[in-house]
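fold the following for me, if possible:
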Amino acid sequence: MKNKNEHKSGFVSIVGRPNVGKSTLLNRIVGQKIAIMSDKAQTTRNKIQGIYTTPESQIVFIDTPGIHKPKHRLGDFMVESAFSAFREVDVILFMVNIAEKRGPGDNFIIERLKTVKSPVFLILNKIDKIHPDQLLPIIEDYRSLVDFAQVIPISASEGNNVDTLLEEITKYLPAGPQFYPEDQVTDHPEYFIVSELIREKVLELTREEVPHSVAVVVESMQRNELGKVQVHAAIIVERSSQKGIIIGKGGKMLKDIGIRARRDIEVLLGDKIYLDLWVKVQKDWRDRQTNLQDYGYRKDDY
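Numbering: from 1, shown residues only. Below you'll find the predicted structure:
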């Protein structure tokens, strides 16, 4: 029998189709902005890990890219990256948006979940958007397809039931050491998170005009003689028309992206930042293996 006082630790994967609220949940749990949030599909590209630590346990979350049917090589990478997370975790959270009907995207993931050995929790997000009477039929519908270890309705944006979810996850974790220091919330290098924050602002401000053909590469981060951290970053696009949109009239758009990104980066690093942004055109970068590697999407990530 397990000693109740044993320290527990383990890895938890959050999967679900794009836009169901995975990044919102991760940010809610970790309490800092580490996974970028956008209402555009496919914004999370790498396996960002959020780390939640209490005196009794440590949960390492792997927030995978939304699972979808890929259209190009970057898409292939993202789907592979998402499915690889199934193979290395203690608990899988399958998250659905309860305010929308179960769709082909959910069914695509459910088929893969049927072959998984790890316990799978069904996380019904956005309960604040429906009437309680609608809940039971939705749960029964999903339960008829997969034998879920737990079914937990939550609101990631409002925080409803998130504490219950964390308690339930902890019950399923093995005894184990604390993998990371208690004040660490992610194991990604700061370069990666800084680039994600900049990319979030590009998506936020340009809306539909610039699609997902945007990558951000942080070229350098170092402290200058005035004590500020200088961040030099390139925004990579596929066409010169996109470059024009990102720079904007008289450079206004790029300036706005920089102002918003700088605020978030200063909060993240707890430091004053000087942010230098420029835009580069790299035709069809999403279909070139060498470019994918340059921009951080490496084959050994999955």
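
pretty sure S118 sits against F94.
No - between S118 and F94 there is no contact under CB atoms under 8 Å: 10.9 Å. The way it works is simple: take the backbone N, C-alpha and C, and place the C-beta from them, glycine included.

neighbour-wise, which of these two wins?
F94 (24 against 18; other CB atoms under 10 Å).

what's the separation between the more buried one and K252?
Noted for F94: a distance of 42 Å to K252, by CB to CB, to the nearest Å.

same thing with I265?
Taking CB to CB, one finds I265 at 20 Å from K252.

neighbours of E182, how many?
Considering only other CB under 10 Å, E182 is surrounded by 11 other residues.

that one sits in which helix or strand?
Under the criterion DSSP states H and E, no helix or strand holds E182.

report the buried residues of stretch 226-235.
Residues 229, 231, 233-235 are the ones in stretch 226-235 that count as buried (16 or more other CB atoms under 10 Å).

chain center to that stretch, what's the gap?
Taking CA atoms, centre = their mean, to the nearest Å, one finds stretch 226-235 lying 24 Å from the centre of the chain it belongs to.

just the strands in the stretch 51-200 of the chain please.
Secondary structure of the stretch 51-200 of the chain by DSSP state E, counting those that start in this stretch: the strands cover 57-63, 91-97, 120-125, 150-153.

let's have those strands in JSON lines, adding mean pLDDT and distance to P104.
Formatted as JSON lines, the strands of the stretch 51-200 of the chain follow (pLDDT from 0 to 100; distance: least, CB to CB, whole Å):
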{"stretch": "strand 57-63", "mean pLDDT": "80", "distance to P104": "22"}
{"stretch": "strand 91-97", "mean pLDDT": "93", "distance to P104": "13"}
{"stretch": "strand 120-125", "mean pLDDT": "96", "distance to P104": "18"}
{"stretch": "strand 150-153", "mean pLDDT": "96", "distance to P104": "22"}
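
okay, those strands in a markdown table with distance to R239 next?
Output for the strands of the stretch 51-200 of the chain, formatted as a markdown table (distance: least, CB to CB, whole Å):
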| stretch | distance to R239 |
| --- | --- |
| strand 57-63 | 30 |
| strand 91-97 | 32 |
| strand 120-125 | 35 |
| strand 150-153 | 43 |
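
I'd like to know which of those is closest to L173.
Among the strands of the stretch 51-200 of the chain, the nearest to L173 by CB to CB is strand 57-63 (6.3 Å).

in its sheet, what does the closest one sit against?
Paired strands of strand 57-63, with direction, are strand 8-15 (parallel), strand 48-53 (antiparallel) (DSSP bridges).

out of those, deepest packed?
Of the strands paired with strand 57-63, the one with the most neighbours on average (mean count of other CB atoms under 10 Å) is strand 8-15, at a mean of 24.

quick check: mean pLDDT of that one?
Averaging pLDDT along strand 8-15 gives 86.

same question, stretch 107-117
85.
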